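S.K.: Sequence first, predicted coordinates after that:
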Amino acid sequence: MSADVALHFDRVRMKGAHGDLRLRIGSCRHRCDSYYLALDDSPTAPAGLGPRLSRLLEQWGSQVAGLGGGEGTVHLPYDFSDQCTAWLRVTSTDGRTAEVQAGWSLIGAWGIRPSDYLATAPAVTDFDPIAGARFVCALAGLAARIEADRAALEATGP
């Protein structure tokens, strides 16, 4: 993990289900489930968990790239549970730097298709930050970190 970008999303077990993913943000570690990614029946959902995770991070990258034009905030989901979801809130005030904060929303995963979550992201109005799960970095560095994690997850295969 680069010192400038204290974020990393990876698979800790190749068998999907519960507790098989991990998000590291600064010194915080969060175990996540791939369960809802496996249930995604959207036409945009590729076959296999690695490609589905890659699709998720492809959307992250697209949203982060959109912040390069100036100020704004985007929400990137990373954990999908029955009664809530975990998100990264990425805010840029100048199109060059980003503040990344992990947190929760009461939006249940059953209402989100991870392969096409962009329709749901604007509904995150109840973002509840996780204490200590925050860092500031260059927006370009964040985009590079997301792309590196996306490629690594794609390579893990099904």
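M.R.: Received it, and whenever you're ready, just let me know what you need.
S.K.: And residue 94, what's its pLDDT?
M.R.: Reported pLDDT at residue 94 in the predicted model: 96.
S.K.: How about the secondary structure of it?
M.R.: Three-state assignment for residue 94 (DSSP: H, G, I helix; E, B strand; the rest coil): coil.
S.K.: So it is in contact with residue 71, correct?
M.R.: Yes - using Cβ atoms under 8 Å, residue 94 is in contact with residue 71, at 6.8 Å. C-beta coordinates here come from the backbone N, C-alpha and C atoms, glycine included.
S.K.: residues near residue 123, how many?
M.R.: By other Cβ atoms under 10 Å, 12 other residues sit near residue 123.
S.K.: Quick one: residues contacting the nearest residue in space to it that is not next to it in sequence.
M.R.: Spatially, and ignoring its direct neighbours in sequence, residue 123 is nearest to residue 107 (6.1 Å; Cβ to Cβ, 6 or more residues apart in numbering). For residue 107, the contact set (Cβ atoms under 8 Å, 6 or more residues apart in numbering) comprises 84-85, 120, 123-124, 126.
S.K.: Can you tell me which of the residues you listed lies closest to residue 55?
M.R.: Nearest to residue 55 among these: residue 120, at 14.8 Å, using Cβ to Cβ.
S.K.: phi, psi of the closest one?
M.R.: Residue 120 adopts backbone torsions of phi -90, psi -30, taken as degrees, to the nearest 10.
S.K.: From residue 19, how far off is the closest residue to it other than its chain neighbours?
M.R.: Among residues not flanking residue 120 along the chain, residue 112 sits closest, at 4.8 Å (Cβ to Cβ, 6+ apart). Separation of residue 112 from residue 19 (Cβ to Cβ, to the nearest Å) stands at 20 Å.
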